[in-house]
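Asks: Structure for this input, please:
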Amino acid sequence: MEIDTMSDPMQVDNQEEQEDSCYQSFFNEHKEVSELIRKFEQPECFDTIQQTSHSILKILSKYMEQSQLLDPHLTNIVSELMRISRKVIGLNEQKMTFVDCMQERLVRICLFQTICTLTKVRGHKVVTKLFPHEIVDLEPLFELYKNVLSSEWETKYILMLWLSMIVINPFDLTVVDPSGQLPVNMLEECKLQLSEPGKTRDSSCLLISRLLTRPDMAKEKLPEFIKWGIETISGPKTTTFLRAGIMRTIVMIFKIGKRDELLDIIPLIWANVTAETDNNNTMLRHLNMKLIQRIGLTHLKPRVVAWRYHTTRLTLMHLKKQTSQSNSSNEMEDDEDIEINEEVEQIISQLINGLRDKDTIVRWSAAKGVGRVTLRLPKYLGDQIVESVCELMNANEDDSSWHGASLALAELARRGLLLPERLQQVIPLLEQALIYDVRKGTHSVGAHVRDAACYVCWAFARAYAPEIIKPYMNNLSQGLVKIAVYDREVNCRRAAAAAFQENVGRQGSFPHGIDIITVADYFSLCNRNNSYLSISYYIAQYPEYCQSLISYLVDSKVTHWEKSIRELASRTLAKLCDRDAKFIQESIIPKLIDRCVETDLNARHGSLFALAEVILALTNLGVTFDEDLQDKLRNIVPNIEAKRLYRGKGGEIMREAVSRFIECMALSHVTLPATMTVASSVGNRQLKKKSLTIFQETIDENLKHPNNEIIEMAVASLKSFSHEYYHTSPEFGEEVAKKYIHQLNTDINPATRRGLALALGVLPKQIMQNYFNQAIDVLISKLELEQDIDLQDADARRNAIYGIISLSENIGLCENGVTEQNASKIFDALIKGTNDYAVDKRGDVGSWVREASMASLERWFTLVSPTPLFTVEMATSLMCSLLKQAVEKIDRVRDNACRSIVRILANEHSKNIPLREEISQIIHSSDDGSLVDWSSAEKSFPIFVKLLPLEIYRYSLLSGLVVSMGGMSSHVFKHSTTALIDYLKTSDDMSEKILTVMLEIGVQYALDDRVIVPLLKSYALLIGHGVFERFQPPQYDYTEKLIVATTKEIVGTCKNVQKIMLAVDLFCELIKYSNPTREKAFQRLFTSCLLSKFPKVREYAANQLYGALQVCGDMVMTDEQLDAVLDILCGTPWLEGAAIVKPSVEKLYEITGFPKPRVAQPANTTPKPQE
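Replies: Numbering: from 1, shown residues only. Next comes the predicted model:
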């Protein structure tokens, strides 16, 4: 065994990272990549070299987040690429031959692009270690670099990385270049790249830093460069990119240079460093922070202080060895031997201030700087730094300070610089950071603080021995669990889980740690609902965490600024009732009751919602409430009314919460006295009112609110309230029912109609059975579309549908409910809803009504199908309506219709449905119908077109199908059209039946643009695909009927330009048919389209006719006629006035010989005498 001691933190982290990656997969494409790389040196592959490079880039890019998987094969890949690179650029005797310089340049570009991608994926530090570093390559590579175009930035980038590896070799530059100009020229070329914003700047910084820190360059060239850099940075015209490049270079110089040489140049840059601290540019502040810490490290001698904390696990075998190691020279120095000059104190001060910076990247750099510098300071100064960091974590500091301080604590702990005796002070601050969440306006800040606090906990797990952490074990474990399951941000939940897992693995003393990390892992915590409702419920079974979780929910999440979090926390709190009901009843409920009338909206709403859920959950667990508690619960709603908490901001969400509270209060059987004394909202008077009236008035107000969510919650509360309390006063319930029916019938307010329509469906059966027919008649009347467009409301019509079916289900099949006399009336009303295609500025709002009708028809089927009321005619009408919606254009509607069909067919009482077996067989032909993604047009349309042979459903199917085929949605248009055409190609006998039904649809929906426009488009598509090609006149008269019907749609007062254009497309398709169809099609094109009152239509008709004649003109006229017609179509200015284009149309008639259509004369042309 060996002693496990804390060594260099970065080395430990890297080693553990490599070990942790073993669970990953493999670099599966390494053979493919190797084969592709070899193509770079195969002349026969040069023509496709770009595709080769692209293939390699595509493969490597997949490993961007798992780049360590490349490591086993990285040496071979890089070695092969660099070997080929040397051959391409001629660094060895076997220079590759190319056809010309362009081919050479292309191969070189692709090759270096591949290497560049490899550095991007795995990191240049790892990849460049594998580059060849032969000294003889220095000058040729630099000459190539100078000749490369600036646009080939990948080549320049890799060449500079390559040069930076060569220059670190310990050789005399005069051996390569006796004149000494080579390093000077390299330096000048690199300076030019410092102002570039891309990767070449980074590689030039690296090359300059390595070049200037060489022993033969540092003495003379390093001070010169520093002076030039400072002068350039201070210049007024220096760009931000150049300043960043110079500063990055200086940072790298201080990182890899020798301390003795760097101490001499610190005075040259110190003034500029202090001046850059307040720069507005984040990148420059970040680089300045890195430079400050590097200067501090240069001032201090490299050493590891003896006072830092060591984590050790000792064995007797190694005790003697460990004792000798503790006396090593680098830890023998006393604190008094360390000299701290004024600059170091300023550096420490700036690093501490950097923890307050507004940008995370600067704070992160400052935190690492604090850790690195403290590692070389005496104990008393290290203790002062820890104290300064802790001072940043107070209520007067903003979130940036808290975040920076948390990062600094983590860095100090990882390096053993946060001594165990400090934990007593740090742990309480850490607990505050774990729950840090400060409201700012409509949101809050603090997620980054909580994330950093989890990082601190993770660092503690690695830094301290279990006996050190044990006193704080409960606080840390409870704090991490709370964040892991309840934090709003998924990254914080995952960070807390990672820190918890690290502590379980390294400390081993977290209660039930193994059980918890098995459930609360990286993936299970990504879903917030799952974290709250499932994982926290599981963890709460352990007493160590239960009350902590409950208290955190109540104190932080029930009062959260986001409404969805408050509601989710309330449901979670209710679920946790069975974990510790006594604690919730005795400690939580009184707290929630007090908050229900607080001035803070979030606390008020969340507490009321949580209280509602909790009392219901406790009731379900068999807990009873004493009279005192019931009295407090009864008075909450009147107190909210008295304080006018519905008014102003947040009134709507308070109405939702009150509705939910009334619902849960009723379900919890809280008793109501006959009367209650309540405070008046005006003055300080006390009023005595009937208890039922107090709560009923609140429900009625919420029912009439324009917000649909409030209405739905009010309906739910009315249902529970009426069923719980109306039996104590039946006459009160009767009055409510009559009032609702009357107001629904007379009130024109859409919001009132929405709420009352739903309310009639949930009132108790013993009350509504006396008013069933009256209520049904009123609800059916509300399905009519109002004449006044301002009164039309799709939500009200949708709710009327739901009200009808809910009321029917509530009363049931009985003498006072659904009977043979009213069943048809109710069913017809539900069917009528499936034909609601109302449109407003929000779009197809009628779809809401259609969806409600489909859902209600399914419920109606369940209600009446076992009885004789469900006739064959009713079954046919039901299926026709659903099948029509199943092939329409809206995915959501189509999905709901298909699912309803599948469920109805699966019902044991569906035998009355005509052709049930045939429909079932087709729908289930490819898969279980319930598993098909019916919203997918690609999957659903090919199934439903197979139902077209069923004559009883053909009209309904085509009514919906033509709307989809002619719709605006590209994917629905594509798949519906393809499905029908493919089906008709395999079933010739169906074409005539389809055409017949489509003509019937045109007659049924004449002048209804919703159907006629897509119908015309469908005609043109089917004719264009040759589906109706065999129906040639005079044997068939379908096409003539089609022309007549289309003409009626576009003549007269038609103003729909799109419809006329679709008619043009149709007529152009019909000219392929024989006479008299061809003749009539040309007549309509000439008279109705080329002479249209819309210039756009005239131009479109001319263009379409020209295109059609180009394809089939030789079939309909002679070559001379065709040339003349085409000349007129091209030469006429169709966008001009009708008087200009009319002679051209006359000439078209003359050339083609087609007769002009006869204009019907009125029966009596004599003018009527004036009276």
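Asks: immediately after the lowest-mean-pLDDT helix or strand in the chain, which helix or strand?
Replies: Sorting the helices and strands of the chain by mean pLDDT, DSSP states H and E puts helix 9-20 at the bottom, at a mean of 38. With elements assigned by DSSP states H and E, the helix or strand that comes after helix 9-20 is helix 30-38.
Asks: just checking, what packs against the next helix or strand after that following helix?
Replies: Using DSSP H and E, the helix or strand that follows helix 30-38 towards the C-terminus is helix 49-61. Where contact means 3 or more C-beta pairs under 8 Å, 6 or more residues apart in numbering; DSSP states H and E, helix 49-61 is packed against helix 30-38, helix 101-122. (C-beta placed from N, C-alpha, C; glycine too.)
Asks: Okay, strands next: where are they in this structure?
Replies: 438-440, 443-445, 675-679, 686-690 (DSSP state E).
Asks: Could you export the ones you listed to a markdown table, including columns for distance to A244 and mean neighbour count?
Replies: Putting the strands of the chain into a markdown table (distance: least, C-beta to C-beta, whole Å; neighbours: other C-beta atoms under 10 Å) gives the following:
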| stretch | distance to A244 | mean neighbour count |
| --- | --- | --- |
| strand 438-440 | 31 | 12 |
| strand 443-445 | 28 | 14 |
| strand 675-679 | 67 | 16 |
| strand 686-690 | 73 | 12 |
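Asks: Show me the one of those that comes nearest Y542.
Replies: strand 443-445 (29.6 Å; C-beta to C-beta).
Asks: Tell me how far the closest one lies from the chain's centre.
Replies: Taking C-alpha atoms, centre = their mean, to the nearest Å, one finds the center of strand 443-445 at 20 Å from the center of the full chain.
Asks: Listing partners with orientation, what would you give for that strand?
Replies: In the sheet, strand 443-445 lines up against strand 438-440 (antiparallel) (DSSP bridges).
Asks: Mind putting the strands of the chain into a markdown table with distance to V1057?
Replies: A markdown table is the format used below for those (distance: least, C-beta to C-beta, whole Å):
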| stretch | distance to V1057 |
| --- | --- |
| strand 438-440 | 52 |
| strand 443-445 | 48 |
| strand 675-679 | 64 |
| strand 686-690 | 63 |
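Asks: Can you say which of those is nearest to D828?
Replies: Of all the strands of the chain, strand 686-690 comes closest under C-beta to C-beta, at 41.2 Å.
Asks: Strand 675-679 and the closest one, what's the angle between them?
Replies: Counting by axes from the mean of the first three to the mean of the last three C-alpha atoms, to 10 degrees, strand 686-690 lies at 150 degrees to strand 675-679.
Asks: List of residues touching strand 686-690?
Replies: Where contact means C-beta atoms under 8 Å, 6 or more residues apart in numbering, the residues beyond strand 686-690 that reach it are A674, T675, M676, T677, V678, A679, S680, F732.
Asks: min pLDDT across the residues you listed, which one?
Replies: The lowest pLDDT within those belongs to S680, with 66.
Asks: Domain map for the protein?
Replies: 27-131, 731-870, 901-1018, 1031-1157 (automatic domain parsing).
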